[in-house]
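Asks: What follows is a predicted protein model with its sequence.
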Amino acid sequence: MKKYYEKIVLWIFIFFTVFSTLAIDVKLTRYKLFAMELSIILLIAIWLVKAISSGKLSIRKNHLNLPVLSYFLLVAVFYFISTDKAVARMMFESMLFCFLVYFGAANSINDSDSRRTILKVWFIASVFVGLHGLGSFIAQSIPANPITGAFSGLAGLFDSIGKAVNLPVRNFFGFAHFGPNNRPFATFGNPNFFAAYLIGVLPVFTALLFVFKKKYLHLNIAVISLLLFNLWCTATRGAWLGFVASVVVFVALLKPKWSKVFKSGKGIIIFLLILLVFAGVIVRGGFITKFIEVAGRPTDRLLIWRDTLVMGLKKPLGVGLGAFHIYFPRHASEELKKRIPQNKFIVNYTHNEYLQVLSEMGIVGLAVFIWMIYAFFSTGIRQLNSVEPGEGGLRYMTIGFLSGGAGILVHNFFSVSMRFIVASIYLFFMMGVMASCGREKYSILKLKKNELAKRLRIKEDKLTKYLLVTALLIVIPLCWFSVKKIIQPFTAHKQLSEEIGFFEEKVVSPRETIDRLLGALKEDPDNADLHYRLAWVYSKEKNMAEAVKHFEATVAIAPELEGPYNNLGNIYFLTGKTEKAIENYKKAIEINPGKVDAHFNLGYIYYTSGKLKEASDEFNKILEMDPKNYKAMIMLEKMVQ
């Protein structure tokens, strides 16, 4: 049984590393995130089945468990006390998966061979995204090149397979959005997120140079060079600073003998190459020019940081989990509002994870977050100090994970990548794999199966089967519920894309219908229903003046009807009369507080006007009335994507 369990766990991690790298990541329908979450659910399910069927619950002991658990529990507390559950739920679910991937990796990887296999597969998958990024960069000047040709061929192949099995196979293999780009993002949807991935994996793959030594040496150096080139092409200054930090940590933990390094020809060449990379980073990033600009005039990002800090000091307990974007406009300075008008731009994030945590969870949240970071590095250093002389591979892998984690954490001083969960999951995954290198385990629950079997008067092997069946009966419904939850954004997006908008509907024989209704109105000019139907046909034909005239005639005759007010709101919104649109939506809601369309339309117009708190309130009211309303779900997600 144990043998099969280890194999299943290994294949789950292989699935995780392959598809979390190769699957495409786009707004709302995030295949990369789907692959990650599905892997984590399966991993925890297998762990639970093993624990229940064996009657033993074992946890790997290290100094990182308590801080990670504490941070997760704090996020959970903020979620349960939140008055805006729909907004807070997204952040809670993100942290839940981060906690589970840490816990699963720390306690499910039990030997160095499995760890090395996982890293090898991750390395191979990264070759594809590296080539993808390189190809899209080259395609700017040479559209027809071998790389683009190969990827186009693969895209066609996966399209054919997808049509045959009726699944988005091409999206899971990340070849759906290949094209010329001077800032490549491969399968990550955004150059900043791609850069976050690269600074995380580069130190880990560099560590493999030391683990495998001469084996695959040239291939490893070639792939690392490819990924470095991609990092340079992303033109992401925050990521480059993160990379510099990861190099400093890597070298410091490696503790090289500098006298030997500079006496060696290879050592001098490597040192010069590092200096060349850093010089390229400074030139490509325009750091000197940017420094001069910032010295003369604060950038938008610095103003956001300043105003966020002011908000954090005014709200020392935070504004609520995931609620930064809702409350920040109330604390934004006039200087920032002039540069970033609320009705044109939305400040979703602080562009600094530490300030983001402070603003949403207050001083307590920031303190626990920093404690977790401290525990990550202190646990890694303890492991390095306890490594035996013959366990060099373990030492180098620990250095790789610590350095990659340092890169991501420094990058997120300037970035929002951890708020899009993929980078967060990678960070917690690396923390978990590093924690799996520890030796100690202790049982928090141990069932004496032989004694229980005697009491129940059954054989021990039969008891094991009963426990296995019990575990499956518990785990399968949990998995089903969890998978349904992560599929929800896909179904919501599909429903939205298939919905026909108010002004897109067509009327059969519109001219004849209008003439017939006008004739009927001559005989009965005070008929509200005839005015309403005529206004409806005019609106479909984009004759807004006549539509408004007859909708207003309708409400003059029958002011108790909410539909005409809602439709008037739609017309005024389309024609740019925002205040009139809001007024009419509110009248529709006043007549019928349960009219979901009017709440959605009011929320949407608030969203486009930059009034996110008011928009969020309307979408939450919809979800209270209709918890499965896909449009409200998507709009709440849009606010933070």
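Replies: Looks like it came in fine.

Asks: mind showing which ranges of the stretch 251-400 of the chain have poor pLDDT?
Replies: 256-275, 277-298, 342-346, 389-392 (pLDDT under 70).

Asks: could you pull out the helices for it?
Replies: Counting by DSSP state H, counting those that start in this stretch, residue ranges of the helices within the stretch 251-400 of the chain are 258-263, 265-285, 287-296, 300-314, 324-331, 334-339, 353-386, 392-411.

Asks: from the chain's centre, how far out does the fifth one sit?
Replies: Using CA atoms, centre = their mean, to the nearest Å, the distance from the centre of helix 324-331 to the centre of the chain it belongs to is 21 Å.

Asks: Can you pull out the residues in contact with it?
Replies: Contact with helix 324-331 is made by 84, 87, 307-308, 310-311, 314-315, 319-320, 342, 346-350, 356, 359-360, 610-613, 616, 639-640, as judged by CB atoms under 8 Å, 6 or more residues apart in numbering. Yep, even glycine has a C-beta here, placed from its N, CA and C like the rest.

Asks: residue furthest from the geometric center of this structure?
Replies: residue 523 (60.7 Å; CA atoms, centre = their mean).

Asks: after the strand or helix carrying residue 116, next one along is what?
Replies: When secondary structure is defined using DSSP states H and E, the element that contains residue 116 is helix 112-138. Going down the chain from helix 112-138, the next helix or strand is helix 146-165, by DSSP H and E.

Asks: What strand or helix carries residue 517?
Replies: Residue 517 is part of helix 510-523, with elements assigned from DSSP H and E.

Asks: How about that helix, which residues are buried there?
Replies: For helix 510-523, the neighbour count (16 or more other CB atoms under 10 Å) marks 513-514, 517, 521 as buried.

Asks: Contacts for that helix, please.
Replies: 507, 527, 530-531, 533-534, 537-538, 540-541.

Asks: Enumerate every residue touching residue 426.
Replies: When contacts are taken as CB under 8 Å, 6+ apart, residue 426 is in contact with 20, 196-197, 200, 408.

Asks: If we only consider those, which is nearest to residue 586?
Replies: The shortest gap between residue 586 and any of those belongs to residue 196, at 42.7 Å (CB to CB).

Asks: just for the stretch 51-200 of the chain, where's the confidence low?
Replies: Counting by pLDDT under 70, the stretch 51-200 of the chain shows low-confidence ranges at 175-178.

Asks: returning to what we had before: and the contacts of helix 510-523, which are buried?
Replies: With neighbours counted by 16+ other CB under 10 Å, these contain buried members at 527, 530-531, 533-534, 537-538, 540-541.

Asks: Which of those sits closest to residue 427?
Replies: Closest approach to residue 427 among the buried ones among the contacts of helix 510-523 (CB to CB): residue 540, at 51.2 Å.

Asks: just the helices in the stretch 401-550 of the chain please.
Replies: Taking DSSP H, counting those that start in this stretch, the helices of the stretch 401-550 of the chain run over residues 422-435, 449-456, 460-498, 510-523, 528-540, 544-557.

Asks: what's the least confident stretch among the ones you listed?
Replies: If you rank the helices of the stretch 401-550 of the chain by mean pLDDT, helix 449-456 sits at the bottom with a mean of 60.

Asks: Many thanks, I have nothing further to ask.
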